[in-house]
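> structure here, sequence nowhere to be found:
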(Lines give C-alpha, C1' and ligand atoms only; values in the text may rest on other atoms or scores of the structure.)
Protein backbone atom coordinates (compact mmCIF):
# COMPACT_ATOMS: atom_id res chain seq x y z
CA UNK A 1 0.00 0.00 0.00
CA UNK A 2 2.82 2.41 0.85
CA UNK A 3 4.26 1.85 -2.63
CA UNK A 4 0.96 2.84 -4.23
CA UNK A 5 0.78 6.01 -2.13
CA UNK A 6 4.37 6.86 -3.07
CA UNK A 7 3.73 6.25 -6.77
CA UNK A 8 0.57 8.37 -6.72
CA UNK A 9 2.38 11.15 -4.87
CA UNK A 10 5.30 11.13 -7.31
CA UNK A 11 2.95 11.11 -10.32
CA UNK A 12 0.87 14.03 -9.04
CA UNK A 13 4.05 15.82 -8.01
CA UNK A 14 4.99 15.55 -11.67
CA UNK A 15 1.66 17.05 -12.80
CA UNK A 16 2.24 19.92 -10.37
CA UNK A 17 5.72 20.48 -11.81
CA UNK A 18 4.22 20.68 -15.30
CA UNK A 19 1.83 23.35 -13.97
CA UNK A 20 4.89 25.19 -12.67
CA UNK A 21 6.54 24.91 -16.10
CA UNK A 22 3.46 26.45 -17.68
CA UNK A 23 3.47 29.24 -15.13
CA UNK A 24 7.18 29.78 -15.82
CA UNK A 25 6.42 30.95 -19.36
CA UNK A 26 5.75 34.35 -17.82
CA UNK A 27 9.41 34.50 -16.80
CA UNK A 28 10.76 34.00 -20.31
CA UNK A 29 8.06 35.08 -22.77
CA UNK A 30 5.66 37.98 -23.00
CA UNK A 31 2.97 35.56 -24.16
CA UNK A 32 3.04 31.83 -25.04
CA UNK A 33 2.91 30.72 -28.68
CA UNK A 34 -0.79 30.28 -29.44
CA UNK A 35 -0.28 27.55 -32.04
CA UNK A 36 1.83 25.43 -29.72
CA UNK A 37 -0.58 25.99 -26.85
CA UNK A 38 -3.54 24.94 -29.03
CA UNK A 39 -1.68 21.83 -30.16
CA UNK A 40 -0.87 20.89 -26.56
CA UNK A 41 -4.45 21.47 -25.46
CA UNK A 42 -5.75 19.34 -28.31
CA UNK A 43 -3.27 16.56 -27.62
CA UNK A 44 -4.18 16.59 -23.91
CA UNK A 45 -7.89 16.44 -24.76
CA UNK A 46 -7.36 13.41 -26.98
CA UNK A 47 -5.29 11.66 -24.30
CA UNK A 48 -7.90 12.38 -21.61
CA UNK A 49 -10.82 11.16 -23.72
CA UNK A 50 -9.05 7.89 -24.58
CA UNK A 51 -7.86 7.40 -20.99
CA UNK A 52 -11.39 7.97 -19.70
CA UNK A 53 -12.53 4.80 -21.44
CA UNK A 54 -9.59 2.38 -21.63
CA UNK A 55 -7.92 3.27 -18.32
CA UNK A 56 -10.95 4.24 -16.21
CA UNK A 57 -14.41 3.24 -17.47
CA UNK A 58 -13.48 -0.17 -18.85
CA UNK A 59 -11.73 -1.27 -15.62
CA UNK A 60 -14.63 0.22 -13.62
CA UNK A 61 -17.14 -1.92 -15.51
CA UNK A 62 -15.00 -5.05 -15.15
CA UNK A 63 -14.59 -4.55 -11.40
CA UNK A 64 -18.29 -3.74 -10.94
CA UNK A 65 -19.21 -6.98 -12.73
CA UNK A 66 -16.99 -8.94 -10.35
CA UNK A 67 -18.69 -7.45 -7.27
CA UNK A 68 -22.09 -8.59 -5.97
CA UNK A 69 -24.89 -6.08 -5.66
CA UNK A 70 -25.77 -3.33 -8.11
CA UNK A 71 -25.46 -4.00 -11.86
CA UNK A 72 -22.27 -2.83 -13.54
CA UNK A 73 -24.06 -0.45 -15.89
CA UNK A 74 -25.57 1.43 -12.92
CA UNK A 75 -22.26 1.68 -11.07
CA UNK A 76 -20.35 2.97 -14.10
CA UNK A 77 -23.07 5.37 -15.23
CA UNK A 78 -23.76 6.85 -11.78
CA UNK A 79 -20.06 7.30 -11.02
CA UNK A 80 -19.44 8.88 -14.43
CA UNK A 81 -22.33 11.33 -14.09
CA UNK A 82 -21.34 12.24 -10.53
CA UNK A 83 -17.81 13.06 -11.69
CA UNK A 84 -19.14 15.33 -14.42
CA UNK A 85 -21.65 16.98 -12.06
CA UNK A 86 -18.89 17.54 -9.49
CA UNK A 87 -16.80 19.42 -12.05
CA UNK A 88 -19.85 21.34 -13.28
CA UNK A 89 -20.73 22.30 -9.70
CA UNK A 90 -17.24 23.59 -8.96
CA UNK A 91 -17.34 25.69 -12.13
CA UNK A 92 -20.78 26.99 -11.19
CA UNK A 93 -19.62 28.11 -7.75
CA UNK A 94 -16.67 29.99 -9.23
CA UNK A 95 -18.84 31.59 -11.95
CA UNK A 96 -21.45 32.79 -9.45
CA UNK A 97 -18.80 34.26 -7.20
CA UNK A 98 -17.10 35.93 -10.15
CA UNK A 99 -20.36 37.57 -11.24
CA UNK A 100 -20.82 38.97 -7.74
CA UNK A 101 -17.32 40.38 -7.84
CA UNK A 102 -17.85 41.94 -11.27
CA UNK A 103 -20.78 43.92 -9.90
CA UNK A 104 -18.35 45.87 -7.72
CA UNK A 105 -16.88 49.22 -8.50
CA UNK A 106 -13.71 47.89 -10.09
CA UNK A 107 -11.38 49.18 -7.36
CA UNK A 108 -8.37 47.48 -5.79
CA UNK A 109 -10.43 45.06 -3.62
CA UNK A 110 -12.35 43.87 -6.70
CA UNK A 111 -9.12 43.45 -8.62
CA UNK A 112 -7.70 41.36 -5.79
CA UNK A 113 -10.85 39.24 -5.69
CA UNK A 114 -10.62 38.60 -9.41
CA UNK A 115 -7.05 37.39 -8.98
CA UNK A 116 -8.08 35.09 -6.13
CA UNK A 117 -10.93 33.68 -8.19
CA UNK A 118 -8.63 33.08 -11.15
CA UNK A 119 -6.32 30.97 -9.01
CA UNK A 120 -9.28 29.30 -7.27
CA UNK A 121 -10.95 28.26 -10.51
CA UNK A 122 -7.84 26.45 -11.76
CA UNK A 123 -7.25 24.93 -8.32
CA UNK A 124 -10.79 23.51 -8.27
CA UNK A 125 -10.12 21.80 -11.59
CA UNK A 126 -6.95 20.29 -10.22
CA UNK A 127 -8.71 18.52 -7.33
CA UNK A 128 -10.58 15.89 -9.40
CA UNK A 129 -7.60 15.64 -11.73
CA UNK A 130 -5.38 14.73 -8.78
CA UNK A 131 -8.05 12.31 -7.57
CA UNK A 132 -8.12 10.70 -11.01
CA UNK A 133 -4.40 9.97 -10.84
CA UNK A 134 -4.69 8.71 -7.27
CA UNK A 135 -7.57 6.41 -8.18
CA UNK A 136 -5.62 5.03 -11.15
CA UNK A 137 -2.73 4.08 -8.88
CA UNK A 138 -5.09 2.86 -6.16
CA UNK A 139 -6.49 0.36 -8.65
CA UNK A 140 -3.07 -1.32 -8.80
CA UNK A 141 -3.54 -4.08 -6.26
CA UNK A 142 -0.85 -6.61 -5.45
CA UNK A 143 -1.75 -8.75 -8.46
CA UNK A 144 -1.83 -5.81 -10.84
CA UNK A 145 1.33 -4.08 -9.62
CA UNK A 146 3.17 -4.88 -12.84
CA UNK A 147 5.09 -2.79 -15.32
CA UNK A 148 2.06 -2.78 -17.64
CA UNK A 149 -0.33 -1.74 -14.87
CA UNK A 150 1.96 1.01 -13.63
CA UNK A 151 2.44 2.34 -17.17
CA UNK A 152 -1.32 2.51 -17.63
CA UNK A 153 -1.62 4.70 -14.53
CA UNK A 154 1.36 6.80 -15.58
CA UNK A 155 -0.22 7.54 -18.97
CA UNK A 156 -3.21 9.06 -17.16
CA UNK A 157 -0.83 11.26 -15.17
CA UNK A 158 0.95 12.25 -18.39
CA UNK A 159 -2.32 13.27 -20.06
CA UNK A 160 -3.36 15.37 -17.10
CA UNK A 161 0.13 16.83 -16.82
CA UNK A 162 0.10 17.94 -20.45
CA UNK A 163 -3.10 19.90 -20.01
CA UNK A 164 -1.70 21.43 -16.80
CA UNK A 165 0.98 23.28 -18.77
CA UNK A 166 -1.43 25.73 -20.43
CA UNK A 167 -3.40 25.96 -17.17
CA UNK A 168 -0.30 27.21 -15.37
CA UNK A 169 0.19 29.80 -18.10
CA UNK A 170 -3.52 30.67 -17.95
CA UNK A 171 -2.97 31.87 -14.38
CA UNK A 172 0.45 33.51 -14.55
CA UNK A 173 0.00 35.44 -17.82
CA UNK A 174 -3.20 37.29 -16.74
CA UNK A 175 -1.56 38.08 -13.40
CA UNK A 176 1.35 39.64 -15.25
CA UNK A 177 -1.09 41.69 -17.33
CA UNK A 178 -2.67 42.91 -14.09
CA UNK A 179 0.66 44.43 -13.12
CA UNK A 180 2.11 41.75 -10.88
CA UNK A 181 5.85 41.08 -11.10
CA UNK A 182 7.07 38.11 -13.12
CA UNK A 183 8.17 36.30 -9.96
CA UNK A 184 4.86 36.79 -8.14
CA UNK A 185 2.89 35.81 -11.25
CA UNK A 186 4.91 32.60 -11.48
CA UNK A 187 4.54 31.77 -7.79
CA UNK A 188 0.76 32.23 -7.85
CA UNK A 189 0.47 30.32 -11.13
CA UNK A 190 2.33 27.26 -9.91
CA UNK A 191 0.50 27.38 -6.57
CA UNK A 192 -2.72 26.40 -8.36
CA UNK A 193 -1.23 22.94 -8.94
CA UNK A 194 -0.16 22.27 -5.35
CA UNK A 195 -3.49 20.65 -4.57
CA UNK A 196 -2.90 17.77 -7.01
CA UNK A 197 -0.39 15.78 -4.89
CA UNK A 198 -2.73 16.12 -1.90
CA UNK A 199 -5.76 14.99 -3.92
CA UNK A 200 -3.72 12.17 -5.47
CA UNK A 201 -2.72 10.75 -2.08
CA UNK A 202 -6.31 11.07 -0.82
CA UNK A 203 -7.58 9.27 -3.92
CA UNK A 204 -5.22 6.31 -3.58
CA UNK A 205 -5.86 5.98 0.18
CA UNK A 206 -9.61 6.07 -0.33
CA UNK A 207 -9.52 3.34 -2.95
CA UNK A 208 -7.05 1.14 -1.06
CA UNK A 209 -8.99 1.21 2.20
CA UNK A 210 -12.49 1.10 0.72
CA UNK A 211 -12.05 -1.24 -2.26
CA UNK A 212 -15.80 -1.51 -2.83
CA UNK A 213 -15.92 2.09 -4.07
CA UNK A 214 -13.20 1.53 -6.67
CA UNK A 215 -15.61 1.09 -9.63
CA UNK A 216 -17.41 4.29 -8.59
CA UNK A 217 -14.11 6.13 -8.13
CA UNK A 218 -12.80 5.08 -11.54
CA UNK A 219 -16.07 6.14 -13.20
CA UNK A 220 -16.03 9.42 -11.25
CA UNK A 221 -12.54 10.20 -12.52
CA UNK A 222 -13.65 9.42 -16.09
CA UNK A 223 -16.63 11.76 -15.85
CA UNK A 224 -14.49 14.58 -14.47
CA UNK A 225 -11.89 14.13 -17.21
CA UNK A 226 -14.45 14.01 -20.02
CA UNK A 227 -16.11 17.22 -18.83
CA UNK A 228 -12.77 19.04 -18.63
CA UNK A 229 -11.75 17.79 -22.08
CA UNK A 230 -15.03 18.53 -23.87
CA UNK A 231 -16.10 21.72 -22.09
CA UNK A 232 -12.73 23.43 -21.73
CA UNK A 233 -9.83 21.94 -23.64
CA UNK A 234 -11.47 21.31 -27.00
CA UNK A 235 -13.22 24.72 -27.30
CA UNK A 236 -10.07 26.48 -26.11
CA UNK A 237 -7.77 24.71 -28.56
CA UNK A 238 -10.06 25.64 -31.48
CA UNK A 239 -9.58 29.39 -30.97
CA UNK A 240 -7.51 31.54 -33.37
CA UNK A 241 -7.09 28.89 -36.05
CA UNK A 242 -7.64 30.88 -39.22
CA UNK A 243 -4.24 29.92 -40.66
CA UNK A 244 -4.15 26.25 -39.69
CA UNK A 245 -7.76 25.24 -38.95
CA UNK A 246 -6.96 21.54 -38.42
CA UNK A 247 -3.76 22.02 -36.40
CA UNK A 248 -5.27 21.53 -32.94
CA UNK A 249 -7.81 19.01 -34.23
CA UNK A 250 -4.99 16.75 -35.37
CA UNK A 251 -3.53 17.17 -31.91
CA UNK A 252 -6.76 15.67 -30.50
CA UNK A 253 -6.62 12.78 -32.97
CA UNK A 254 -2.94 12.06 -32.28
CA UNK A 255 -3.43 12.33 -28.51
CA UNK A 256 -6.35 9.89 -28.63
CA UNK A 257 -4.41 7.49 -30.87
CA UNK A 258 -1.30 7.57 -28.67
CA UNK A 259 -3.28 6.92 -25.49
CA UNK A 260 -5.31 4.15 -27.13
CA UNK A 261 -2.15 2.55 -28.49
CA UNK A 262 -0.45 2.60 -25.08
CA UNK A 263 -3.50 1.20 -23.29
CA UNK A 264 -4.08 -1.59 -25.82
CA UNK A 265 -0.38 -2.52 -26.10
CA UNK A 266 0.18 -2.49 -22.34
CA UNK A 267 -3.07 -4.32 -21.67
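Now that the structure is in, tell me what you want to look at. Fair warning: this is a prediction, and the values are worked out from it, not measured in the lab. Numbering: from 1, shown residues only.
> and the nearest residue to residue 193 once chain neighbours are set aside, what is it in contact with?
Nearest residue to residue 193, sequence neighbours excluded (C-beta to C-beta, 6 or more residues apart in numbering): residue 19, at 3.0 Å. To be clear about C-beta, it is placed using only N, CA and C from the backbone, and glycine gets the same treatment. Neighbouring residues of residue 19 by C-beta atoms under 8 Å, 6 or more residues apart in numbering: 126, 164, 165, 167, 168, 189, 190, 192, 193, 196.
> wait, residue 164 sits on residue 15?
Yes - Residue 164 is within contact range of residue 15, at 5.4 Å (criterion: C-beta atoms under 8 Å).
> common neighbours of the two, please.
129, 193, 196.
> neighbour-wise, give me the winner out of the residues you listed.
residue 196 (34 neighbours; other C-beta atoms under 10 Å).
> and the strand or helix carrying that residue, what does it pack against?
According to DSSP states H and E, residue 196 maps onto helix 195-209. On a contact count with 3 or more C-beta pairs under 8 Å, 6 or more residues apart in numbering; DSSP states H and E, helix 195-209 meets helix 2-23, helix 108-138, helix 214-228.
> which residues sit against that helix?
1, 4-5, 8-9, 11-13, 15-16, 19, 123, 126-135, 137-139, 164, 213-214, 217, 221.
> filter those residues to the buried ones?
Buried residues within these, defined by neighbour count using 16 or more other C-beta atoms under 10 Å: 4-5, 8-9, 11-12, 15-16, 19, 123, 126-135, 137-139, 164, 213-214, 217, 221.
> end-to-end on stretch 54-71?
Separation of the first and last residues of stretch 54-71 by C-alpha to C-alpha, to the nearest Å is 20 Å.
> right, and residue 238 touches residue 246 too?
No - using C-beta under 8 Å, residue 238 makes no contact with residue 246, being 10.2 Å away.
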